[in-house]
Structures are given as C-alpha cells and as structure tokens.
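Novice: build the 3D model from these lines:
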Amino acid sequence: MEESGDRNEELDTQRLKALSRAVLLYREQVPSSSVLQLYTFLVLASQDKPIGLTDLARAVGTGKPVISAAVENLGGFGRGPAGKDSSPPNLVHCKDHPSDRRSKLAELTPKGAALAAK
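Specialist: The predicted model follows:
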C-alpha cells in the first residue's frame, strides 16, 4: 500500500510542477492579468469545444458580467483590457452561438491553445 501512496505523491508533485510552469508561461504572456483571468484561461484550456459565457461563468464560479470582463481582457472581443490603452493578448476568441444570436461562445485562439499545450 505504501508504494501506491508514493506513486500518488509523485503524480501530485508532477501535476503541481506542470501547473506552476503553466502559470509562469501564462504570466509571461499576460503579466497584468488577475487570478480570475488565469482561472478563466485554464477552464477554457480544459474544454474540447467552445463554451457559452453563462456556462463558463458557472464553471469559474462567478457571474456573467464578471466573466465577460475577464474574457474581454484576454482578447475575446477583439479589444484589450477595459479602460487601458494596450493591445489584447489574443488568447481567447468569442463568436456568436449558432442557435442563439444573443449568446456568445468562448474558445482559445491558436495562440491560446499553443500556450495551453506548453
């Protein structure tokens, strides 16, 4: 049984190192981002298809206005951070939902996917 516990500890250590590396790589791309934006990026990176902003907000544990701002700051609407004179990091893209034009779907851009794959 002890061998199984050692293996689980080793896996946990590897996961923590991988997550730490991902956070460092992300912070290089988006140095002024918030923890919420990082978490939003990680949730999007875990998806295999675009996700609606309402579902994304639920997954992150926040409301739609907050998640919309986080997505905007990641470049999702083609603009940079609100109120700031800088270009967006272009890690996220939003598009119209095919069956509900009032809704938006978010997904990683190729740049965002490449960063997530590192």
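Novice: contacts and neighbour counts: CA atoms only from here.
Specialist: Will do.
Novice: quick check, pLDDT for the closest residue to S103 other than its chain neighbours.
Specialist: Of all residues not flanking S103 in the chain, H97 sits nearest, at 5.4 Å (Cα to Cα, 6 or more residues apart in numbering). At H97, the pLDDT value in this model is 90.
Novice: now for the longest helix along the chain, which elements pack on it?
Specialist: As assigned by DSSP state H, the longest helix anywhere in the chain is helix 2-29. Judged by 3 or more Cα pairs under 8 Å, 6 or more residues apart in numbering; DSSP states H and E, helix 2-29 is in contact with helix 110-117.
Novice: just want the angle from the helix it packs on to helix 2-29.
Specialist: Inter-element angle recorded for helix 110-117 and helix 2-29: 150 degrees (by axes from the mean of the first three to the mean of the last three Cα atoms, to 10 degrees).
Novice: buried sites along helix 110-117?
Specialist: Of the residues in helix 110-117, 112-113, 115-116 count as buried by neighbour count, 16 or more other Cα atoms under 10 Å.
Novice: so which residue is dead centre in this structure?
Specialist: In the chain, the centroid-proximal residue (Cα atoms, centre = their mean) is F41; its distance is 0.7 Å.
Novice: residues contacting it?
Specialist: Applying Cα atoms under 8 Å, 6 or more residues apart in numbering to F41 gives the contacts 92, 108.
Novice: and the next element down the chain from the host helix or strand of it?
Specialist: In this assignment (DSSP states H and E), F41 forms part of helix 35-45. Once the chain leaves helix 35-45, the next helix or strand it forms, by DSSP H and E, is strand 51-52.
Novice: counting contacts, what elements does that next one pack onto?
Specialist: strand 104-108.
Novice: list the strands paired with the strand it packs on, with their directions.
Specialist: strand 51-52 (antiparallel), strand 92-96 (antiparallel) (DSSP bridges).
Novice: the last one: which residues count as buried?
Specialist: In other words, strand 92-96. Neighbour counts over strand 92-96 (16+ other Cα under 10 Å) mark 92-94 as buried.
Novice: what bits of the protein have low per-residue confidence?
Specialist: Across the chain, the ranges flagged by pLDDT under 70 are 1-5, 7, 79-86.
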